[in-house]
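**Student:** Kindly generate the corresponding structure for this input.
(2 chains)
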Protein chains: 2
Amino acid sequence: MTKISCSEDAKGVKHFIYDEVFTFEDGETIQPLHLAYETYGKLSEAKDNVILIHHALSTNSHVASHENNPQPGWWENMLGPNKPIDSNKYFIICISNIASCFESSGPLSINPKTEKSYQSTFPETSITDIVKSQHLLLEYLGINKLYAILGNSVGAMLSITWAVLYPDEVNKLVSTSSCYKSYPTNAENRALQRETILLDPEYGDGLYEEQPSRGFLLARKHALLTYRNWEELNERFVDKENKESLANYLQYNAEKFIKRFDLNAYLYQLAMMDSFNITKYFPSNLETFQRINADVLVISVNTDVLYTPDQQHDLYKELSAAGVNTQLIEHISEIGHDAFLVETPAFGCYLTDFLG
Amino acid sequence: MTKISCSEDAKGVKHFIYDEVFTFEDGETIQPLHLAYETYGKLSEAKDNVILIHHALSTNSHVASHENNPQPGWWENMLGPNKPIDSNKYFIICISNIASCFESSGPLSINPKTEKSYQSTFPETSITDIVKSQHLLLEYLGINKLYAILGNSVGAMLSITWAVLYPDEVNKLVSTSSCYKSYPTNAENRALQRETILLDPEYGDGLYEEQPSRGFLLARKHALLTYRNWEELNERFVDKENKESLANYLQYNAEKFIKRFDLNAYLYQLAMMDSFNITKYFPSNLETFQRINADVLVISVNTDVLYTPDQQHDLYKELSAAGVNTQLIEHISEIGHDAFLVETPAFGCYLTDFLG
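**Tutor:** The predicted model follows:
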């Protein structure tokens, strides 16, 4: 009996089914583990041209369009032939995170024991659990060294965890608008979202038939407000009414989001950020960061109110103190946290330069 | 029959009862109108030493302690003998806003028609309604010229409304961390709070017997997060746990607030800020600001994420364009919106200097 299988669907999404027990950090298990992923470019014979990209909270493995799926991806301008992340040169992998809602194992997966979706009974999932699930796939693909690993926001929490847990397997690391541990204001912004969802009487124990929308919509609007700098939003929306108003922008984008995103998955994503602290597995910050062998680029956005510049500076200082070859770029922007999605020409230059 | 009466209670709060019909902007009425206010210092014979202070959302007429009430006020270090707002020199008045919950008419007042509290049936109240209620009291006191009018945050919305509606009665105006109209991010921050309160199934139609707490607590935590700059909060609370954590700071302060504040009054306060735009009564911005005869000091705090520096700059530009004698102070701080409550030595200097 094959315990591991891999197949590809019509949209070019690859499905890695690991039919063994996968044990989470908290001791709970699932079987099988399912990872949905997409790849771009060709793996070199020496398997030395691999870039692993980590998506952020709201997205998935579809970084950019490809021949099997022409729909634009979340970093369409950044990845492709002759683009900053050049698929003529690199073999790029992006894996949909477990505990989210894009085909990889998560609250929407069927629990074989009950033959129903896990919903809120899916195991508590940590950033480390996701990294360990990804490592199983990379092992299966015979890739034991990543040329580079990239992440933005929660994606960069995954990237730095890779570089710390598998120090010999990561050559270059880019961490954009993220952190090495959960900071108080981020935790409280998430707590407000979670409590708003739980205030919705229809949420109950999370084993609902129809996904409740009121609390989720509000929570998402709250999140959307933190992704942009408020001076920029005011400038864009001042004196605009109805369809052109900020209220409508939030309503439209929050509605669009909750239609495509699973509410329980959203809560799992919030929880994994809460428990994140890459230093917790080692005796000290110094011993944590000294493990890293990769060259690191930290990108900070001056107007990011969510992952504030201080958090990027802290990361840079910890890495430098540990002797890691580190660069810090301070990106000047009006946008705030979402700058990496919007100002791709600048971010493209930073990456091209760093990837070499 | 006396239609107007004024009395003083044991704590030195004065009660102005105007037993005539008071008509709100939207056409609704109450009778009587009750204004609770406190005064500091002595009115000069020429009645030319009056400073009117406007309190912000969460506070009331108790700006500072006095002989009848030794409890510290919300601007204790700023007002008193030989303090920046010098009660040896000025006669200072602060009136608890109507539609709030501190003895002046509001949702907790008894509706004589039903002999019950108004709760959510109190008339919709605007910034202009509050200013007009205050003007009745000042007329009653025979004060027809204010030496100065001061306000912070929503208090400054009241102050500038005074200076525009009664241009011949205001000599100097200080507007701190505020705006001349509602900006999109402020409106959406308030909308999230309101919708969170309405999501609480116990709120219902606002005619509850016991004040519901879950939605209100969440809404207040949301507000508290916007009163401080997030880098400052992170620096203060990073790696702190339990009682020393940001979560506990928010919980403690939000609980304290909702115990002393009426939920309906909170919703009325949010609504009056939403509808605020001092230019709406006049054909243009220019014609609005040209009405002002007062010298104006605008104070901006560089880290204020709620009433962003742009909003202060816009106000300054509008005033300057209208030929108003205007100064802008850019206060540099780590605190954010609450700086005026925390960094009183600096704000004291600004006021002393401007009041002359």
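
**Student:** Wait, A:L43 touches A:N49, no?
**Tutor:** Yes: applying CB atoms under 8 Å as the test, A:L43 and A:N49 come out as touching, 7.0 Å apart. Where C-beta positions appear, they are placed from N, C-alpha and C, glycine not excepted.

**Student:** where do the contact lists of those two overlap?
**Tutor:** A:F91 (CB atoms under 8 Å, 6 or more residues apart in numbering or on different chains).

**Student:** Compare the two (neighbour count), which wins?
**Tutor:** More neighbours surround A:N49 than the other of A:L43 and A:N49, with 19 against 16 (other CB atoms under 10 Å in any protein chain shown).

**Student:** quick one: that one and A:Y147 touch, right?
**Tutor:** Yes: counting by CB under 8 Å, A:Y147 is a contact partner of A:N49 at 5.7 Å.

**Student:** Between those two, which contacts overlap?
**Tutor:** A:Y90.

**Student:** Do a quick rundown of the strands in the stretch 251-356 of chain A.
**Tutor:** Ranges of strands in the stretch 251-356 of chain A, per DSSP state E, counting those that start in this stretch, are A:295-301, A:326-331.

**Student:** Also the stretch 101-250 of chain A?
**Tutor:** A:110-111, A:116-117, A:148-152, A:172-176.

**Student:** now those strands in CSV, with mean neighbour count and distance to A:K221?
**Tutor:** Formatted as CSV, the strands of the stretch 101-250 of chain A follow (neighbours: other CB atoms under 10 Å in any protein chain shown; distance: least, CB to CB, whole Å):
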stretch, mean neighbour count, distance to A:K221
strand A:110-111, 12, 31
strand A:116-117, 14, 26
strand A:148-152, 27, 21
strand A:172-176, 27, 24
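
**Student:** so which of these gets nearest chain B?
**Tutor:** Among these, the nearest to chain B by CB to the nearest CB is strand A:172-176 (17.4 Å).

**Student:** quick check: angle from that closest one to strand A:326-331?
**Tutor:** 30 degrees (axes from the mean of the first three to the mean of the last three CA atoms, to 10 degrees).

**Student:** where's the nearest residue to A:G336 once chain neighbours are set aside relative to B:G348, distance?
**Tutor:** Among residues not flanking A:G336 along the chain, A:N229 sits closest, at 3.5 Å (CB to CB, 6 or more residues apart in numbering or on different chains). Distance of A:N229 to B:G348, given as CB to CB, to the nearest Å: 31 Å.

**Student:** Just want to know which of those two has more residues nearby.
**Tutor:** A:N229 (25 against 17).

**Student:** wait, what's in contact with the more buried one?
**Tutor:** Neighbours of A:N229 in contact, by CB under 8 Å, 6+ apart: A:T303, A:D304, A:V305, A:S333, A:E334, A:I335, A:G336.

**Student:** What is the burial count for A:K42?
**Tutor:** With other CB under 10 Å as criterion, A:K42 counts 12.

**Student:** Could you export the strands of the stretch 101-250 of chain A as CSV, including distance to chain B and mean pLDDT?
**Tutor:** CSV is the format used below for the strands of the stretch 101-250 of chain A (distance: least, CB to the nearest CB, whole Å; pLDDT from 0 to 100):
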stretch, distance to chain B, mean pLDDT
strand A:110-111, 30, 97
strand A:116-117, 25, 98
strand A:148-152, 19, 98
strand A:172-176, 17, 98
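
**Student:** if we can go back for a sec, relative to chain B, which of the strands of the stretch 251-356 of chain A is closest?
**Tutor:** Short answer: strand A:295-301, nearest of the strands of the stretch 251-356 of chain A by CB to the nearest CB, at 11.9 Å.

**Student:** and the closest one, what does it pack onto?
**Tutor:** Judged by 3 or more CB pairs under 8 Å, 6 or more residues apart in numbering or on different chains; DSSP states H and E, strand A:295-301 is in contact with strand A:172-176, helix A:309-321, strand A:326-331, helix A:339-342, helix A:344-355.

**Student:** what's the most buried one of these?
**Tutor:** Among those, ranked by average contacts under mean count of other CB atoms under 10 Å in any protein chain shown, first place goes to strand A:172-176 (a mean of 27).

**Student:** Spell out which residues belonging to chain A are near chain B, please.
**Tutor:** A:183-185, A:187-189, A:191-192, A:195-196, A:199-201, A:214-215, A:218, A:221-222, A:225, A:230-231, A:233-235, A:237-238, A:240, A:245-247, A:250, A:305-306, A:308-311 (CB under 8 Å from any CB of the partner chain).
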